[in-house]
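**Q** Fold the following.
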Amino acid sequence: MAKQTKSRKQAYRHPGTGDARKSRKPLRIDRLPQTVKDFIISAHEAGESWKRIEEMASAAAGIHLSHSTLHRWYDLRIEQQTNTAALREIISLLKKILKAVSQ
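**A** Okay, the predicted model is just below:
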């Protein structure tokens, strides 16, 4: 019986960076004030490492935030959302161009 449970665990792979999740579950960072989230975004855009952002964000939030949690939150809430919006805009532009060319 233990063998069957082990094979089920091995068959499941957690989504990695860039992979969409099957369901939107709240992360601990989602519950933090917007100022902390804005700080994480601006620090990443300024070129800070995730380890350095971990130290600064943990101090600002008053709780320990691991760099992997910060990176996962940034990937899910910022990068994937930006990429999705950009793709939608490109698709709409292509449809407009196709419509103009086919007339």
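**Q** Low-confidence ranges, the chain, go.
**A** Applying pLDDT under 70 to the chain flags residues 1-10.
**Q** top helix in it by residue count?
**A** helix 80-102 (DSSP state H).
**Q** Contacts for that helix next, please.
**A** 18, 20 (CB atoms under 8 Å, 6 or more residues apart in numbering). No exception for glycine: its C-beta is placed from N, CA and C like everyone else's.
**Q** Just the CA coordinates for that helix, please, in PDB.
**A** C-alpha atoms of helix 80-102 as PDB (Å, rounded to 0.1, in the frame of the first residue of the first chain):
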ATOM      1  CA  GLN A  80       2.000  35.800 -16.300                       C
ATOM      2  CA  GLN A  81      -0.700  38.500 -16.100                       C
ATOM      3  CA  THR A  82       1.500  40.900 -18.200                       C
ATOM      4  CA  ASN A  83       2.200  38.200 -20.800                       C
ATOM      5  CA  THR A  84      -1.400  37.300 -21.100                       C
ATOM      6  CA  ALA A  85      -2.500  41.000 -21.600                       C
ATOM      7  CA  ALA A  86       0.300  41.500 -24.100                       C
ATOM      8  CA  LEU A  87      -0.800  38.400 -26.100                       C
ATOM      9  CA  ARG A  88      -4.400  39.600 -26.100                       C
ATOM     10  CA  GLU A  89      -3.300  42.900 -27.500                       C
ATOM     11  CA  ILE A  90      -1.200  41.300 -30.200                       C
ATOM     12  CA  ILE A  91      -4.100  39.000 -31.200                       C
ATOM     13  CA  SER A  92      -6.500  42.000 -31.500                       C
ATOM     14  CA  LEU A  93      -4.000  43.900 -33.600                       C
ATOM     15  CA  LEU A  94      -3.500  40.900 -35.900                       C
ATOM     16  CA  LYS A  95      -7.200  40.600 -36.300                       C
ATOM     17  CA  LYS A  96      -7.500  44.300 -37.200                       C
ATOM     18  CA  ILE A  97      -4.700  43.900 -39.700                       C
ATOM     19  CA  LEU A  98      -6.200  40.800 -41.200                       C
ATOM     20  CA  LYS A  99      -9.600  42.500 -41.500                       C
ATOM     21  CA  ALA A 100      -8.000  45.600 -43.200                       C
ATOM     22  CA  VAL A 101      -6.000  43.400 -45.700                       C
ATOM     23  CA  SER A 102      -8.900  41.200 -46.600                       C
END
